[in-house]
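Q: Provided below for reference: sequence and predicted model.
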Amino acid sequence: MPNRLATETSPYLLQHAHNPVDWYPWGDEALARAARENKPILVSIGYSACHWCHVMERESFEDQETAGIMNDHFVNIKIDREERPDLDHIYMDAVQAITGSGGWPLNVFLTSDGRPFYGGTYFPPRPVHNRPSWKEVLAAVARSYSERRADLEKQAGALTRHLAVAASLGAGNEPAAAVGADGEFTPDLLKQIRDNLLSTADTRDGGFGGAPKFPQTFSIRFLLHYYYFTGDRGARQQACLSLDKMLAGGIFDQLGGGFARYSTDSGWRVPHFEKMLYDNALLVIALCDAYQLTGEPRYREGIEMTLEFADRELSNGRGGYYSALDADSEGEEGKYYVWTRDEIEAVLGADAGVFCARFGVTAEGNWEGKNILVRARDVPSDPGVKARLDAACRRLLAHRAQRVRPGLDDKILLGWNALMNIACSRAFAALGKEQYRDRARTNMEFLRTNLKGGMIHLYHHSFKDGPKFPAFLDDYAFLIQALMELQEITGDAGYLDEAREITEMVIDHFGEEGTPFFYFTHDQQNDLILRKKEIYDGATPSGNSIMAFNLFYLSKLFDVPAWTDRARQMAGGVKKLVTGHPGSFGTWATLFQALTYTVPEIVITARRPEIARKDFLKEFVPYRVFQSSSQENTHYPLLRDRPAGEVPQFFVCVDRACQLPVNELSALIRLLENVNKIPSKSYNNPI
């Protein structure tokens, strides 16, 4: 007999629809029952690709005895953290305040009015390693709620007040009114960030810190940009080493492309096999930076293989991208991706030897008796051998496709799709392949059609029965950036107008009074115990860091100085945090470079600007404002008095002070070398 989750659309919630637990989705029905029956609420949060979420389900939520305890004593609510990141943020903060750590599955106990008082992450079915069993936790909480209700109410009140105070403080843990006062950014500050970041670097295997090891694409991009401005070879070396080691390791799918979420070891060999849309989008963006900077073919290959993976395995065929692939298939983690040598020999025959040498395949295996493919040797220079390897990879990929596939989370999330949209735009810029530009356009049209609400408002999530849940700050921030990127690669200024309209809506409905920051949720959303603002750059950039960049960029295109001031105030409010912990605030750190150095305003005009635009976009110029046009357009400040002729003209300006136009890309690049790397306070008007 299915429970109430059977009518939901989230693949994660549907996975629990036949549990004997009397699950509710988050909503009025569950909250009303808890209030009516004066029962505590158990909220369990996870996501479809979460391995340990599946483990706890099998061990506890599918167990009749355990479900009986849960049903007798609690109102049980299941939440997909990707559907409701707002709830996840609040209750994750609560569990971290209680235990000092967090993760998924996230299990938190609430009073009947929704205030948290106790929680944790994974609990085993039996006590182990000083961790109580799930049944013991349930019994203890139920007993305490019955016998010590006043103490738990007091605890819930104190914890909720703590969360509210934390949410109301400025980003730098200062009173809100003081945030943003320090708006000075200097090369010395960037060097301090660089030094603190490199102090955590793994100089042998790349990346930062030890196992488990996450890609940290924001830190990689900061270092690539730092090299551009300073010529610091150590920064470039660590950034490229990190990408090289990931591309060579098991975290990268050597047959099908795409990256797993993280590596369980420090050498990137053994991944946690789930594949997330956002990880792959962010890694494509970092690889595009690296390719533009170095021209190394391995980065081009990584971009192409990852986007091929996204199109093959995450596309809905109408322009949208699904959320994730599970780590498990047939109940085993990684089963879809690993090989025995015997299997490979059976498929490849005489070509098995060269393939196994290339990808480190042995009879013993490198993980639990099987082989995770890694690039153990370089591709031979012999074109014939390379052709054999390429053919072998195609044959094994086709063979693998006959296996039972990992579960697909076919939610379509606005923010994650916008990140992939940015990745496609960046890939077109770096590689010049028009199919990537076409994908970005098609995806944007899909998002406009399927996630648009009334007026300018958008939805967070689209599924088979239509859009659900109001969009969050991250959704809007990423979408604005995707529109700005599309304007750059297409020359269609209409994308800019749309970006401006959405930005104005975000300011009106997400802004925090008294500070320059933004709340995570819309001001009309009323099913939360408090409104939070997120500044930490976690698995994806924080909405606040991206909004600061968006404001800074759009202020120059539309001549809105107040938006520049707000971006600087936001960055100033997190300066101490970013400087001390750059690995946790990598997008902010990268923004600091834009605020430190001169940001040129670049315009290309021509009756047919496509070729000149495409050539310029291949260049690595981390921070610049860019428009191209086939005619003068007085609506946009940068395009005024810019007539278009047969021969392309390249204009470079800084704060509306312009140098004489040039007709050659090489001349433009020389101008940028003289302008772009100058600290902004040192820039002198060239005219």
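A: On my side now, so go ahead.
Q: any weak-confidence spans in the stretch 51-200 of the chain?
A: For the stretch 51-200 of the chain, applying pLDDT under 70 flags the ranges 168-183.
Q: all strands for it, in order.
A: 75-80, 106-110, 116-120 (DSSP state E, counting those that start in this stretch).
Q: okay, those strands in TSV with mean neighbour count and distance to residue 322 next?
A: In this view, the C-beta of every residue, glycine as well, is placed from N, C-alpha and C. Below are the strands of the stretch 51-200 of the chain laid out as TSV (neighbours: other CB atoms under 10 Å; distance: least, CB to CB, whole Å):
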stretch	mean neighbour count	distance to residue 322
strand 75-80	26	14
strand 106-110	25	23
strand 116-120	23	30
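Q: in CSV, list the ones you listed along with distance to residue 598.
A: Formatted as CSV, these follow (distance: least, CB to CB, whole Å):
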stretch, distance to residue 598
strand 75-80, 45
strand 106-110, 45
strand 116-120, 48
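Q: right, and those strands - which one's nearest residue 588?
A: Among the strands of the stretch 51-200 of the chain, the nearest to residue 588 by CB to CB is strand 106-110 (25.6 Å).
Q: distance from the chain centre to the closest one, please.
A: 25 Å (CA atoms, centre = their mean, to the nearest Å).
Q: what's in contact with it?
A: 34, 40-46, 74, 81, 88, 91-92, 94-95, 116-121, 123, 141, 156 (CB atoms under 8 Å, 6 or more residues apart in numbering).
Q: quick check: residue 101 touching residue 121?
A: Yes - the criterion here is CB atoms under 8 Å, and residue 101 meets it with residue 121 at 7.3 Å.
Q: just the endpoints, please. Distance across stretch 73-83?
A: In stretch 73-83, first residue to last residue: 27 Å (CA to CA, to the nearest Å).
Q: distance of residue 12 from residue 30?
A: According to CB to CB, to the nearest Å, residue 12 and residue 30 sit 17 Å apart.
Q: okay, residue 101 and residue 121: which has more neighbours?
A: Higher neighbour count among residue 101 and residue 121: residue 121, with 21 against 9, using other CB atoms under 10 Å.
Q: so what's the closest residue to that one other than its chain neighbours up against?
A: Nearest-residue entry for residue 121: residue 103, 4.6 Å, with adjacent residues in sequence omitted and distances by CB to CB, 6 or more residues apart in numbering. Going by CB under 8 Å, 6+ apart, residue 103 touches 52, 121-122.
Q: contacting residues for residue 406?
A: So residue 406 contacts 273-274, 325-329, 336 (CB under 8 Å, 6+ apart).
Q: which one of the residues you listed is nearest residue 205?
A: Of the contacts of residue 406, the one sitting nearest to residue 205 (CB to CB) turns out to be residue 273, at 19.3 Å.
Q: number of nearby residues for that closest one?
A: 27.
Q: over to it: give its phi and psi.
A: phi -70, psi -10 (degrees, to the nearest 10).
Q: hang on, it packs against residue 327?
A: Yes - if you go by CB under 8 Å, residue 273 and residue 327 touch, sitting 4.0 Å apart.
Q: any common contacting residues for those two?
A: 260, 333-334, 406.
Q: now residue 674: how far from residue 603?
A: 17 Å.
Q: neighbour count for those two, which is higher?
A: More crowded of residue 674 and residue 603, by other CB under 10 Å: residue 603, with 21 against 13.
Q: what number of residues lie near the closest residue to the more buried one other than its chain neighbours?
A: Distances taken as CB to CB, 6+ apart put residue 651 closest to residue 603, at 4.3 Å, once the chain neighbours are dropped. Around residue 651 there are 22 other residues, counting by other CB under 10 Å.
Q: Provide a list of residues in contact with residue 262.
A: By CB under 8 Å, 6+ apart, the neighbours of residue 262 are 212-215, 251, 271-272.
Q: just the buried ones out of these, please.
A: 213-215, 251, 271-272 (16 or more other CB atoms under 10 Å).
Q: quick one: least confident of these?
A: On pLDDT alone, residue 272 ranks lowest of the buried ones among the contacts of residue 262, at 92.
Q: look up phi and psi at that residue.
A: According to degrees, to the nearest 10, residue 272 has phi -90, psi 110.
Q: in the sheet, who's paired with it?
A: residue 262 (DSSP bridges).
Q: quick one, longest helix in this protein?
A: helix 149-168 (DSSP state H).
Q: how far off centre is stretch 255-270?
A: With CA atoms, centre = their mean, you get 17 Å for stretch 255-270.
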